[in-house]
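> got a predicted structure plus its sequence, pasted below:
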Amino acid sequence: MKEEIYSKNTAKSVAPANLENYEKAASSFTWKQARSYVDWFNGGKINAAYNAVDRHTQTWRKNKVALYWEDEAGNDKKFTFEELSLLSNKVANILKDFGVERGDRVFLFLPRIPELYFSFLGILKIGAIAGTLFSAFQEQALADRLENSGAKVLITTKELKPRVDAIRKKLPDLVHVLVVDDEYFTKSLERASDTLRIAHMDPDDYAFMLYTSGTTGKPKGVVHSHRAILQEHMTAYWVLDLRDDDTYWCTADPGWVTGIAYEILGSWSNGVAAIVYAGRFNPDRWYKLLDKYNVTVWYTAPTAIRMLMAPGNELVKKHNLSHLRHLCSVGEPLNPEAIKWGIKVFGLAFHDTWWQTETGAICIANYPCMDIKIGSMGKPIPGLTAAIVDDEGHVVGTNQEGNIALKPKWPSLMRTIWRRPIKYKSYFMNGWYITGDRGMVDKDGYFWFIGRADDVIKTSGERVGPFEVESALVEHPSVVEAGVIGKPDPMRGEIIKAFVVLEASQKSKVKSQKFADALKEELAMYVKKHLAGHAYPREIEFIDKLPKTRSGKIMRRILKAKEMGLPVGDTSTLEEF
Ligand code: PRX
């Protein structure tokens, strides 16, 4: 392995990092010590939302700006910690009036508008369980999630509501749909009381849930507890290195776990001022935001970094980004070119962080106080043991490939898979939590990512299950069967590629290139319209037959190997191909 090191001493000198000595903390830290970083109610009770926002209103941070918000049109707003506290109290009181109780599921189907943030907090404050739905979701994706969660209330906008209306019949548990930009809600918000007795929760009580994809079956509801705030707080402190004088920008959407853990809970719990941009990606606009708000700490994703690299370095130079002091990345492999580009144009290395929806917070990371081995994900956070294990759950030697595994429990480990306890159990083997990622660890304890152990696709950093895309495709009348894979892509990490078996009458028609192209376009749009804007196949290939096992399971591994011109490997269980 050729190692390239980015020395910690190359970084801009600021006050010592929050985590000054990784090795010392890794050998001595216990989660008991983290207890003093968050606030508790009597009797060992806690509330994650209280820790994120309300506790600061008891301090000098009361009038500190917590949220700088801006949309694509350039409208902007700002909210202090006190304002977020009062607004979330109001939403909490509205929900109480609608009969929402502890443990009820309240889902948010919202773009990144301020209501998303204070509603999320309001839900947690009354002990209900918040669920977030990415605003690109279409009917099928919404129906799967709302049906399984049994959501009682949904909060959305006028623009998104028709998608919910279309599936409402399938949702007997959904009693109320609140529309934040209609008159009823705006009036209710005005009138609602802003005082609230915040629910004192047991640390293991559920706080929020997020649907995520595996290889097979419908998306699963990963449930997190209030206790997770301990790890969200500590990792935002150690890894993102957040301080009171920072302006912090996490570019994730709260429809995904990063947006919850590091745009709402862990970051605000550290009292940092955060910016939220509710607009589409655009390199020039992103630089303008970094410049305008004097962003100091920036947490983004490799696809975004690669898309910033694409237009060349002239664009960056037009902006004053000298206040940036710490850069982090998450969600997909951070390629060395991206790190080197960061060093060149910002004078700073992106620090890779590794975690999953299920782990609830950062688990493996590069720290400001530690040299980066470029291409490595870094080392496990203090208080967590990670290892590489074989398929029986036995630890393997250094530089050996195996499954990335974590030793349970850690505070932000998911508490269950909603209504699927057996699925939850299947994550654990021989005393380890098996992540589904393959990797290795070197002699210095640095972890290296190799790939997924299953067929889960990562496209532009977003996790997509092939089964969901296949199911959407076969709903189309021209499609008999479909097999879906992630195809490596230099910009997006992977793109979704679908192999489609057409219905007999269509097969001869696609001999015409024009017809074939039109049908491919139609199928891609069909998935976009029914499942989600981000989960459609960018490439489609018509194929006569899918490779399957004798029991009828599609062998995506073989489709992928063929696509990449690699040997197809063991085909002994294959039906015929
Ligand atoms: O395969 C790993 C990849 O993203 C998966 C988790 O996706 P999700 O649950 O959507 O959470 C993403 C944000 C926390 C992992 O199993 N992944 C995440 N971070 C990295 C990564 N792959 C390589 N390097 C990373 N730093």
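Received, thanks.

> which residues are in contact with residue 100?
106, 123, 126, 128, 152, 153 (Cβ atoms under 8 Å, 6 or more residues apart in numbering). C-beta: built from backbone N, CA, C; applies to glycine.

> could you list the low-pLDDT ranges of this structure?
Within the chain, the stretches with pLDDT under 70 are 1-2, 11-14, 570-577.

> that older thread, among the contacts of residue 100, which pair sits farthest apart?
126 and 152 (12.3 Å; Cβ to Cβ).

> residue 332 in helix, strand or coil?
Assigned by DSSP: H, G, I helix; E, B strand; the rest coil, the conformation of residue 332 is coil.

> how near is it to residue 460?
8 Å (Cβ to Cβ, to the nearest Å).

> and the contacts of residue 100 as a markdown table, adding distance to residue 395, secondary structure and neighbour count?
Below are the contacts of residue 100 laid out as a markdown table (distance: Cβ to Cβ, whole Å; DSSP: H, G, I helix; E, B strand; the rest coil; neighbours: other Cβ atoms under 10 Å):
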| residue | distance to residue 395 | secondary structure | neighbour count |
| --- | --- | --- | --- |
| 106 | 42 | strand | 27 |
| 123 | 40 | helix | 28 |
| 126 | 44 | coil | 24 |
| 128 | 41 | coil | 25 |
| 152 | 45 | coil | 21 |
| 153 | 46 | strand | 22 |
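
> around the ligand, which positions in the stretch 401-550 of the chain sit nearby?
Within the stretch 401-550 of the chain, the positions adjacent to the ligand are 435, 436, 437, 449, 452, 458, 463 by Cβ under 6 Å from any ligand atom.

> repeat that for 5 Å
Listed as neighbours of the ligand in the stretch 401-550 of the chain under the rule Cβ under 5 Å from any ligand atom: 437, 449, 463.

> can I get the CA coordinates of the helix or strand containing residue 85 in CSV?
Assigned by DSSP states H and E, residue 85 belongs to helix 81-97. Below are the C-alpha coordinates for helix 81-97, written out as CSV (Å, rounded to 0.1, in the frame of the first residue of the first chain):
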residue,chain,number,x,y,z
PHE,A,81,-31.8,29.6,19.7
GLU,A,82,-34.6,31.2,21.7
GLU,A,83,-36.7,31.6,18.5
LEU,A,84,-36.2,28.0,17.6
SER,A,85,-37.1,27.0,21.1
LEU,A,86,-40.4,29.0,21.1
LEU,A,87,-41.4,28.0,17.6
SER,A,88,-40.9,24.3,18.3
ASN,A,89,-42.9,24.7,21.5
LYS,A,90,-45.7,26.1,19.3
VAL,A,91,-45.6,23.2,16.9
ALA,A,92,-45.5,20.8,19.9
ASN,A,93,-48.7,22.4,21.3
ILE,A,94,-50.4,22.2,17.9
LEU,A,95,-49.6,18.5,17.7
LYS,A,96,-50.9,18.0,21.2
ASP,A,97,-54.2,19.6,20.2
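
> what's the spacing between the closest residue to the ligand within the stretch 251-400 of the chain and residue 532?
Of all residues in the stretch 251-400 of the chain, residue 357 sits closest to the ligand, at 3.4 Å by Cβ to the nearest ligand atom. Applying Cβ to Cβ, the value for residue 357 to residue 532 is 16 Å.

> over to residue 302?
With distances taken as Cβ to Cβ, residue 302 is found 21 Å from residue 532.

> quick one: residues contacting the closest residue to the ligand within the stretch 1-150 of the chain.
At 11.1 Å from the ligand, residue 134 is the closest residue in the stretch 1-150 of the chain, using Cβ to the nearest ligand atom. Applying Cβ under 8 Å, 6+ apart to residue 134 gives the contacts 253, 255, 256, 532, 534.

> now these in TSV, with distance to residue 490, secondary structure and neighbour count?
Formatted as TSV, the contacts of residue 134 follow (distance: Cβ to Cβ, whole Å; three-state DSSP; neighbours: other Cβ under 10 Å):
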residue	distance to residue 490	secondary structure	neighbour count
253	23	coil	20
255	26	coil	26
256	23	coil	20
532	23	strand	25
534	18	coil	16
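
> and the nearest residue to residue 294 once chain neighbours are set aside, how far from residue 177?
Closest residue to residue 294 apart from its sequence neighbours, by Cβ to Cβ, 6 or more residues apart in numbering: residue 323 at 4.6 Å. Noted for residue 323: a distance of 42 Å to residue 177, by Cβ to Cβ.

> so how far is the particular helix or strand that has residue 315 in it off the chain centroid?
Residue 315 belongs to helix 314-317 when assigned by DSSP H and E. In terms of Cα atoms, centre = their mean, to the nearest Å, the centre of helix 314-317 is set 29 Å apart from its chain centre.
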